[in-house]
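[1] I'll drop the sequence and a predicted model, then ask my questions.
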Amino acid sequence: MDHETIIRSKYATPKLDKLAKIVSELGDKYMVGIIIYISYHMMDHNKAFIVIIAAIVCQSFSCLLKGLYHEARPFFLADFSPS
């Protein structure tokens, strides 16, 4: 039995799915945009540039790993239907 099936059958609840979705969205584009905006307006340009480059590198690395592993998020597993 694969780990997605175990997680969905034993641990998944609607509240945990919603929490996972919120955490995932906050760690993705919205929070990165907020961090870039705040750093640009509250730091000097050299430090803000470093923060922006770090955010871009981290997002790129995250997208690369997601593409390599094709790992579904827990809240998306309920959307899959067997063929």
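    The structure has been received and is ready for your questions.
[2] ok, which stretches of the chain are helices?
    Under the criterion DSSP state H, the chain carries helices at the ranges 3-6, 14-26, 29-42, 45-69.
[3] Turn those into a markdown table, including mean pLDDT.
    Putting the helices of the chain into a markdown table (pLDDT from 0 to 100) gives the following:
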| stretch | mean pLDDT |
| --- | --- |
| helix 3-6 | 75 |
| helix 14-26 | 80 |
| helix 29-42 | 83 |
| helix 45-69 | 85 |
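[4] Tabulate the ones you listed (CSV), appending mean neighbour count.
    The C-beta positions use only the backbone N, C-alpha and C, and glycine is treated the same way. Shown next, in CSV, are the helices of the chain (neighbours: other Cβ atoms under 10 Å):
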stretch, mean neighbour count
helix 3-6, 11
helix 14-26, 12
helix 29-42, 12
helix 45-69, 11
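[5] The residue most central in space within the chain and residue 52: what is the separation?
    In the chain, the centroid-proximal residue (Cα atoms, centre = their mean) is residue 24; its distance is 3.9 Å. From residue 24 over to residue 52 the distance is 22 Å, taken as Cβ to Cβ, to the nearest Å.
[6] Likewise for residue 17?
    The value you get for residue 17 to residue 52, if Cβ to Cβ is used, is 32 Å.
[7] Contact partners for the spatially closest residue to residue 55 that is not a sequence neighbour?
    The shortest distance from residue 55 to any residue other than its chain neighbours is 5.1 Å, reached at residue 32 (Cβ to Cβ, 6 or more residues apart in numbering). Under the criterion of Cβ atoms under 8 Å, 6 or more residues apart in numbering, the contact list for residue 32 reads 55, 58-59.
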